[in-house]
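> Sequence and computational prediction follow.
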Amino acid sequence: MNKELHFAIIGCGRIAQRHAQHIHNIGKLVAVCDIVETKAIDLAKQYNANPYSSIDGLLQENTAIDVVAICTPNGLHAQHTIKALHAGCHVVCEKPMAISTVDCMAMIAASKNVNKHLFIVKQNRFNPPVVAVKSAIDNGVLGKIFSFQLNCFWNRDEQYYKDGWRGTNALDGGTLFTQFSHFIDLLYWMLGDVKQAQVFTKNFAHQNCIEFEDTGIINLMLESGAIGNINYTVNSYEKNMEGSLTIFGEHGSIKIGGEYLNTLEYAHVKNFSFGELPKGNEANNYGAYKGSMSNHNKIYENVVAVLNNTATISTSAFEGMKTVEIIEKIYQQKNSSQ
């Protein structure tokens, strides 16, 4: 391809700012869309783009768009992705890919039918400790994986959920979808698929603002035979405290920690050293709260490389669907046990 790529963004909330910044570095942002017209206008002004309040209007009037970034609420990802694909655009879809496996399958089918790429944003795969540990596992350095512990201790107060869609089953989907799907993705990517789940969840502190759990403990058996659990909450007092994955293997014990899986807290491995790892990017800072690591530059570098036929997609649509499938399995088990 090797031409300047033209991009559009659908959904002009907080994460759209991150997308726009990195699009600007590798191509041209030509159009943005949000049902709140002022949001579209404000973002468009920053990048000399055209604002729209209608997706159909954006796609009909901008036929030279190469890639559309979907930054709308979770429950709308599928319909917006499929609409952009049918308009002849490649798509970068924010996490989670969708909030049902059925929707994910429809997205994948649409991508194949029109022969366009579907990129799923899973930027924590680019965290330096994650990259290093993934390589070590793939190369058999840890030997057989016995067990794991995934901790996600964040804070989301009532104010966070007051923008209309967050906290709803229809558009948010659940705490594992919005806050912790990156963690589920890394668990699947590094250790494999889930075979069995035992689930305990409660809503302790958000009864007036969300329709699902704010805390959960999940015991898992993986297809590999490894066992472990996920301990998660958005009730960490005042701020995010920990995002970590600890792995115990035949030849070593490793903990990727920090607040956002961004530091190698310890690694004791037989005849192996990770050495000094490169410094990663900072966490996404949204003012009142912080999110996962700001590696969207890596996502867009991958988009350019794939469209120029020099790389493969860093997170495939199938892998995006597997995260959704695992979360669905967990929530179905939760519902069946209540």
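On my side now, so go ahead.

> domains of the protein?
The chain resolves into domains spanning 5-120, 125-292 when parsed by automatic domain parsing.

> Return the most buried member of those domains.
domain 5-120 (a mean of 20; mean count of other Cβ atoms under 10 Å). To be clear about C-beta, it is placed using only N, CA and C from the backbone, and glycine gets the same treatment.

> ends of it, how far apart?
18 Å (Cα to Cα, to the nearest Å).

> I'd guessed residue 324 sits against residue 100; true?
Yes. Residue 324 lies in contact with residue 100 (Cβ atoms under 8 Å); the separation is 6.9 Å.

> Can you lay out the domains of the chain as JSON lines showing distance to residue 302?
Formatted as JSON lines, the domains of the chain follow (distance: least, Cβ to Cβ, whole Å):
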{"stretch": "domain 5-120", "distance to residue 302": "7"}
{"stretch": "domain 125-292", "distance to residue 302": "9"}
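
> Of all these, which one is nearest residue 310?
domain 5-120 (13.5 Å; Cβ to Cβ).

> For the closest one, give the mean pLDDT please.
On average, the pLDDT along domain 5-120 is 97.

> what's the offset of it from the middle of its chain?
15 Å (Cα atoms, centre = their mean, to the nearest Å).

> With stretch 240-260 instead?
19 Å.

> Regarding residue 229, what is its secondary structure?
strand (DSSP: H, G, I helix; E, B strand; the rest coil).

> Name the nearest residue to it, sequence neighbours excluded.
residue 219 (4.9 Å; Cβ to Cβ, 6 or more residues apart in numbering).

> Pull the contacting residues for that neighbour.
197, 198, 199, 227, 228, 229 (Cβ atoms under 8 Å, 6 or more residues apart in numbering).

> neighbouring strands for the host helix or strand of it, and are they parallel or not?
Assignment of secondary structure by DSSP states H and E places residue 219 within strand 215-222. Paired strands of strand 215-222, with direction, are strand 194-202 (antiparallel), strand 227-233 (antiparallel) (DSSP bridges).

> burial measure for residue 324, as a count.
29 (other Cβ atoms under 10 Å).

> State the helix or strand in which it lies.
Under the assignment here (DSSP H and E), residue 324 is part of helix 317-337.

> So which elements touch that helix?
helix 101-114, strand 118-120, helix 175-178, helix 181-191, strand 194-202 (3 or more Cβ pairs under 8 Å, 6 or more residues apart in numbering; DSSP states H and E).

> about what we covered before: can you say which of the domains of the chain is nearest to residue 309?
domain 5-120 (11.1 Å).

> tell me the contacts of residue 166?
73, 160, 172, 178, 210.

> tell me the SS of the residue most central in space within the chain?
Note on the chain: the residue nearest the mean C-alpha position is residue 95, at 3.5 Å, using Cα atoms, centre = their mean. Following three-state DSSP, residue 95 is assigned to coil.

> ok, it to residue 8 distance?
Noted for residue 95: a distance of 19 Å to residue 8, by Cβ to Cβ, to the nearest Å.

> re earlier: what is the residue nearest to residue 229 paired to in the beta sheet?
residue 198, residue 229.

> what's the pLDDT at it?
98.

> again with residue 147
In this prediction, residue 147 has a pLDDT value of 98.

> That one and residue 226 touch, don't they?
Yes. Assessed by Cβ under 8 Å, residue 147 is found in contact with residue 226 at 6.0 Å.

> Please enumerate the helices of the stretch 1-150 of the chain.
With helices called from DSSP state H, counting those that start in this stretch, the stretch 1-150 of the chain shows them at 14-26, 37-47, 55-61, 77-86, 101-114, 128-138.

> Let me have these in CSV, extended by distance to residue 316.
Compiled in CSV, those are given as follows (distance: least, Cβ to Cβ, whole Å):
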stretch, distance to residue 316
helix 14-26, 19
helix 37-47, 29
helix 55-61, 24
helix 77-86, 14
helix 101-114, 9
helix 128-138, 15
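
> out of the ones you listed, nearest to residue 238?
Of the helices of the stretch 1-150 of the chain, nearest to residue 238 by Cβ to Cβ is helix 14-26, at 19.8 Å.

> tell me what that closest one is packed against?
Helix 14-26 packs on strand 5-10, strand 27-33, helix 37-47, strand 67-70, helix 296-307, going by 3+ Cβ pairs under 8 Å, 6+ apart.

> repeat that with 6 Å
strand 5-10, helix 296-307 (3 or more Cβ pairs under 6 Å, 6 or more residues apart in numbering; DSSP states H and E).

> quick check: angle from that helix to strand 27-33?
150 degrees (axes from the mean of the first three to the mean of the last three Cα atoms, to 10 degrees).

> Show me what helix 14-26 is in contact with.
7, 9, 29, 47, 69, 71, 286, 296, 297, 300, 304 (Cβ atoms under 6 Å, 6 or more residues apart in numbering).

> mind showing which ranges of the stretch 201-338 of the chain have poor pLDDT?
281-293, 335-338 (pLDDT under 70).

> and if we set it to 90?
259-260, 278-295, 333-338 (pLDDT under 90).

> Would you mind measuring from residue 218 to residue 74?
Residue 218 is 20 Å from residue 74, by Cβ to Cβ.

> Alright, I will stop here.
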